[in-house]
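In: what's the 3D shape of this:
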Amino acid sequence: MISWLENLYKALWSRVGGKPWTEIIREDQKKSPLVFLLVFAGLGILVGKLAGKYWWQILLGFLLGILCGHFWW
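Out: Numbering: from 1, shown residues only. Below you'll find the model as predicted:
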């Protein structure tokens, strides 16, 4: 089952950009980090505003996601 999914994933990314989508995003993020920072900060604030009185819990979740993302990259 795993090898089938790997082959499907490789077939998809080889047609789209020739590289895995994580590498494509990483290169774009390195070219313009401020854009990514502003987009994700804006999304976090928007979701926080929509969350009402639980805004701090969702923003804390975004913070943890950002930290995990930085350690992973």
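In: Kindly provide the whole-number mean pLDDT of stretch 18-33.
Out: For stretch 18-33, mean pLDDT rounds to 84.
In: What is the burial count for K31?
Out: Neighbour count of K31, defined by other CB atoms under 10 Å: 9. Where you see a C-beta, it was placed from the backbone N, CA and C, and this is true even at glycine.
In: same thing with L37?
Out: Around L37 there are 12 other residues, counting by other CB under 10 Å.
In: Check the one 4 residues further on too.
Out: Each residue near A41 was counted by other CB under 10 Å, and the total is 12.
In: For it, give its distance to L12.
Out: 30 Å (CB to CB, to the nearest Å).
In: Then Q29?
Out: Distance from Q29 to L12, by CB to CB: 21 Å.
In: Flag the shaky bits of the protein, pLDDT-wise.
Out: Scanning the chain with the threshold set as pLDDT under 70 gives 1, 73.
In: all helices of it, in order?
Out: 2-16, 21-31, 33-50, 55-72 (DSSP state H).
In: Dump the second one to PDB, restricted to CA.
Out: Once non-C-alpha atoms are left out, helix 21-31 reads as follows in PDB (Å, rounded to 0.1, in the frame of the first residue of the first chain):
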ATOM      1  CA  TRP A  21       5.700  20.500  -3.400                       C
ATOM      2  CA  THR A  22       7.500  20.900  -0.100                       C
ATOM      3  CA  GLU A  23      10.700  21.900  -1.900                       C
ATOM      4  CA  ILE A  24       8.800  24.300  -4.200                       C
ATOM      5  CA  ILE A  25       7.200  26.000  -1.200                       C
ATOM      6  CA  ARG A  26      10.500  26.100   0.600                       C
ATOM      7  CA  GLU A  27      12.200  27.800  -2.300                       C
ATOM      8  CA  ASP A  28       9.400  30.400  -2.600                       C
ATOM      9  CA  GLN A  29       9.600  31.000   1.100                       C
ATOM     10  CA  LYS A  30      13.300  31.600   1.000                       C
ATOM     11  CA  LYS A  31      12.800  34.100  -1.900                       C
END
